[in-house]
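**Student:** Sequence and computational prediction follow.
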Amino acid sequence: MQNLKYEKKLFKNLWSNNLRFISLKGWRPVFWYTHKSVHAATSLIINAIPNMFSYLDNSDIPYTTNKIENYFAHLKGKITLHRGLRYKAKKNFIKWYLYFKNNKM
């Protein structure tokens, strides 16, 4: 947790030192941010900070998404094998796949 506080403080210092650059506006057909990608990335981080490290406090939340990505990659592979199915049949296939995958004995 000490390291997390340091990281937040470091980001806040970085943001406050570069606020003028981040908030710089100019006429690019309309009056808008000159460095819009930097501004967008900064805004994204600021809005995400409250929930960004919630996995540290809750042990039920995995620290990585590798397991769920593997789960859906496997499902995508199964759907690709059955690519001739109509939409409704594909939807039912996914429902049954998830049902059997989650109810292993």
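**Tutor:** Arrived safely.

**Student:** hey, let's count contacts and neighbours off CA atoms from now on
**Tutor:** Noted.

**Student:** Residues contacting the host helix or strand of Y6, please?
**Tutor:** Using DSSP states H and E, Y6 sits within helix 2-17. Here helix 2-17 makes contact (Cα atoms under 8 Å, 6 or more residues apart in numbering) with T42.

**Student:** State the mean pLDDT of it.
**Tutor:** Taken as a whole, helix 2-17 has a mean pLDDT of 83.

**Student:** how far is that helix from where the chain is centred?
**Tutor:** 21 Å (Cα atoms, centre = their mean, to the nearest Å).

**Student:** got the CA positions of that helix in CSV?
**Tutor:** What follows is helix 2-17, C-alpha atoms only, in CSV (Å, rounded to 0.1, in the frame of the first residue of the first chain):
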residue,chain,number,x,y,z
GLN,A,2,2.9,2.3,0.7
ASN,A,3,4.1,1.9,-2.9
LEU,A,4,0.5,2.7,-4.2
LYS,A,5,0.4,6.0,-2.3
TYR,A,6,3.8,6.8,-3.8
GLU,A,7,2.6,6.0,-7.3
LYS,A,8,-0.5,8.2,-6.9
LYS,A,9,1.6,11.1,-5.5
LEU,A,10,4.1,10.7,-8.4
PHE,A,11,1.3,10.8,-11.0
LYS,A,12,-0.3,13.9,-9.3
ASN,A,13,3.1,15.7,-9.3
LEU,A,14,3.6,14.7,-13.0
TRP,A,15,0.1,15.9,-13.9
SER,A,16,0.4,19.2,-12.0
ASN,A,17,3.8,20.0,-13.4
